[in-house]
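Visitor: Kindly generate the corresponding structure for this input.
(one chain, ligands or ions: 1)
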Amino acid sequence: MHATMQQATLSLNHFLDRAGRLFPRTEIVSRLPDKTYRRHTYAEYHRRTRALASALLAAGLRKGDRVATLCWNHHAHLECYLGIPAAGGVMHTLNLRLSPDEIGWIAGHAADRFLIIDDILLPLYQQFAHLHRFERVIVFPFSGAPVATRAGDPHAGDPAIDDYEQLLARAPADVSFPPHHEDDPVAMCYTSGTTGRPKGVVYSHRSTVLHSLVAALPDNGALSNTDVVFPVTPMFHANAWGVPYMALMVGAKLVFPGPHLHADDLLDQMQVDPPTLSLGVPTIWLTMIQNHEANPGRWKLPAGMRSLVGGSAVPEALIRAYAAHGILIKQAWGMTETSPMAAMSYRKAELAGADEDELFRRQAMQGVPVPLVDLRIVDDDGRECAWNNREVGELQVRGPYITGSYHEVARDPEKFTDDGWLRTGDVAAIDEYGYVRLSDRTKDLIKSGGEWISSVDLENAIMAHPAVAEAAVIAVSHPKWAERPLACVVLKPGQTLTPEALREFLSPRFARWQLPDAVAFIDAIPRTSTGKFWKAKLRERYADWQWPEAGGAAV
Ligand code: ADP
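Guide: Predicted coordinates:
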């Protein structure tokens, strides 16, 4: 017997047609470099995105060619999301916060053929242009200034420079998109290299459609046609967690911050187009709430908003602080390799009788695996751990939108198991309800006298102290204990705190030997290119650290 269902290809082109036909009046708002707003409709989006695909084909784009983007979050970047794959190309989002050398290396490794770039980022391009030659550089006049176009000089090896808007205006109106298979590539992202050399992950039509459907479900992102979505996560960081695709799929209004990612700017923009759903890493929400508290009456936080927060552990104190304003923080766990949303922390019905503290505690966990994703925990001996919240091991993941390899990298047993699971490098336990509790990245764990200390647990607890703005805990080598925890703490303006008082505050929740031996009070915690706390930089800074004789010293 055969199933009677049609063999329809899962395709992003369907999202594009849907967006234009069903939601033509929905708005897309972009903040421009001069802080004004540009408003588009989905109808214009549909027309412009088709024009982009048509222009790329007319420019000689071949199936599977990489088209890099070096752009902030705005409508033209969104056009690339569906326009490049519609033309058969692969959108490769370059991370503009990396060093020019890294960007050049990544563009070369991906063999990017074309580049679409914001005019305000051309100075950055000049710094890596010698490392990789694009055939064509298409400049988006984001600032409104005219673009100096030029024909390419094949002898000098200079790329052609086009104006994005002129290219769209000239694009042949009649375009038929090349046929494709659902496993064909649509986009690629490099892991941001928090650990090791960046590696390329390539998404397909099928993986992206499935991820969009799952991540938009009510228990997960809960995206709806009536939402106003505010992606603060850069569109070059794991495709802004896939949310642009999901918003286009359901026809939600999109509001982009452009280059204005300072907390005050985000708060300003929220007054103009109050979002119902936003997304970003914890550091940005930390700064936003602090600035909000420091300026009473200046901004209104949009009560009722849901905020998807992930990329690093979300402190419980942060979840509580937003809850007090009627904002629900939903923690998501994932990686560039997992499309990325693979687990989501929501309140399961079986916890209906739980008290509020218990529910907040669970919101601070990494969450329950989403549909189509399998998770398991494996210990050092390769044995699968029980889901009892006690057994701890490496988190491994499998599913139709989890990468099975890296672009142009030989299969690495450090990253994939023999039976085909991705090794995440995260250390976690899973409890009997299926909630993942991450204790660390393998590289961030602190091994003290043969026992592991979770830096995530310590950071969470330290950030609950009312005087603390931010905290990161790192392992520093120790002559007797191998490693001991050093807490790096940023205080809120005007606050004071002693190491003794902090240790006292932490002591009810930790064994004595787990408490940080010293506290470094610093001005700021360094951030990675995706806005996470950069512990590797802190470890470098304190590599020669000498432990004081007694505990509780401050630096
Ligand atoms: P990078 O490896 O460069 O940081 P990713 O953005 O892909 O790039 O990071 C994935 C990693 O981020 C995960 O392996 C995990 O360590 C961390 N992470 C993601 N979400 C969470 C979360 N909710 N809590 C704790 N860590 C998280």
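
Visitor: Just give me the residue right at the centre of this structure.
Guide: By Cα atoms, centre = their mean, the chain has its centre lying nearest to residue 237, at 4.5 Å.

Visitor: Leaving aside the residues adjacent along the chain, what's closest to that one?
Guide: Ranked by Cβ to Cβ, 6 or more residues apart in numbering and with sequence neighbours excluded, the top spatial neighbour of residue 237 is residue 530, at 4.7 Å. Where you see a C-beta, it was placed from the backbone N, CA and C, and this is true even at glycine.

Visitor: returning to that earlier point: might one say that the residue nearest to the centre of the chain is in contact with residue 532?
Guide: No. Between residue 237 and residue 532 no contact is recorded; they are 9.8 Å apart, counting by Cβ atoms under 8 Å.

Visitor: who touches both of those two?
Guide: The overlap between the contact sets of residue 237 and residue 532 (Cβ atoms under 8 Å, 6 or more residues apart in numbering) consists of residue 311.

Visitor: how about the residues of the stretch 301-450 of the chain near the ligand?
Guide: Listed as neighbours of the ligand in the stretch 301-450 of the chain under the rule Cβ under 6 Å from any ligand atom: 310-314, 331-336, 366, 424, 426, 438, 441.

Visitor: So which of those sits lowest on pLDDT?
Guide: In this model, the minimum pLDDT among these belongs to residue 441 (86).

Visitor: Please verify my assumption that that one contacts residue 423.
Guide: No. Using Cβ under 8 Å, residue 441 is not in contact with residue 423; the gap is 11.9 Å.

Visitor: From the residues of the stretch 301-450 of the chain next to the ligand, which land in strands?
Guide: In strands, defined here by DSSP state E, the members of these are 310, 331, 332, 333, 334, 424, 426, 438, 441.

Visitor: Neighbour count and distance to residue 47 added to those residues, as TSV?
Guide: Compiled in TSV, these are given as follows (neighbours: other Cβ atoms under 10 Å; distance: Cβ to Cβ, whole Å):
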residue	neighbour count	distance to residue 47
310	28	34
331	25	38
332	23	33
333	30	38
334	26	33
424	23	41
426	21	43
438	22	44
441	17	44
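
Visitor: nearest to residue 257, of the residues you listed?
Guide: Sorting these by distance to residue 257 puts residue 310 at the head of the list, at 18.0 Å, by Cβ to Cβ.

Visitor: Grab the nearest non-local neighbour of the closest one.
Guide: Once flanking residues are discounted, residue 310 sits nearest to residue 332: 3.6 Å by Cβ to Cβ, 6+ apart.

Visitor: and the one you found, what is it in contact with?
Guide: Under the criterion of Cβ under 8 Å, 6+ apart, the contact partners of residue 332 comprise 220, 241, 308, 309, 310, 340, 341, 343, 344, 345, 367.

Visitor: hang on, the earlier thing: model confidence for the residue nearest to the centre of the chain, exactly?
Guide: Residue 237 carries a pLDDT score of 94 in this model.

Visitor: quick revisit: can you tell me which of the ones in strands among the residues of the stretch 301-450 of the chain next to the ligand comes closest to residue 137?
Guide: When those are ranked by distance to residue 137 (Cβ to Cβ), residue 334 comes first, at 31.9 Å.

Visitor: Show me what that closest one is bridged to.
Guide: When assigned by DSSP bridges, residue 334 has beta-bridge partners residue 341.

Visitor: Please tell me I have it right and it contacts residue 340.
Guide: Yes. Using Cβ under 8 Å, residue 334 is in contact with residue 340, at 3.3 Å.

Visitor: which residues do the two both contact?
Guide: Shared contacts of residue 334 and residue 340 (Cβ under 8 Å, 6+ apart): 238, 241, 310.

Visitor: Quick one: residues contacting the first one.
Guide: Each residue near residue 238 by Cβ under 8 Å, 6+ apart is listed here: 189, 334, 335, 336, 339, 340.

Visitor: what packs against the lengthiest helix in the chain?
Guide: Of all the segments assigned as helix in the chain under DSSP state H, the longest by residue count is helix 42-58. When contacts are defined as 3 or more Cβ pairs under 8 Å, 6 or more residues apart in numbering; DSSP states H and E, helix 42-58 packs onto helix 12-22, strand 27-31, helix 75-86, helix 164-170.

Visitor: Mind checking these for the one nearest to the ligand?
Guide: Each of the helices and strands packed on helix 42-58 was scored for nearness to the ligand using Cβ to the nearest ligand atom, and the closest is helix 75-86 (18.3 Å).
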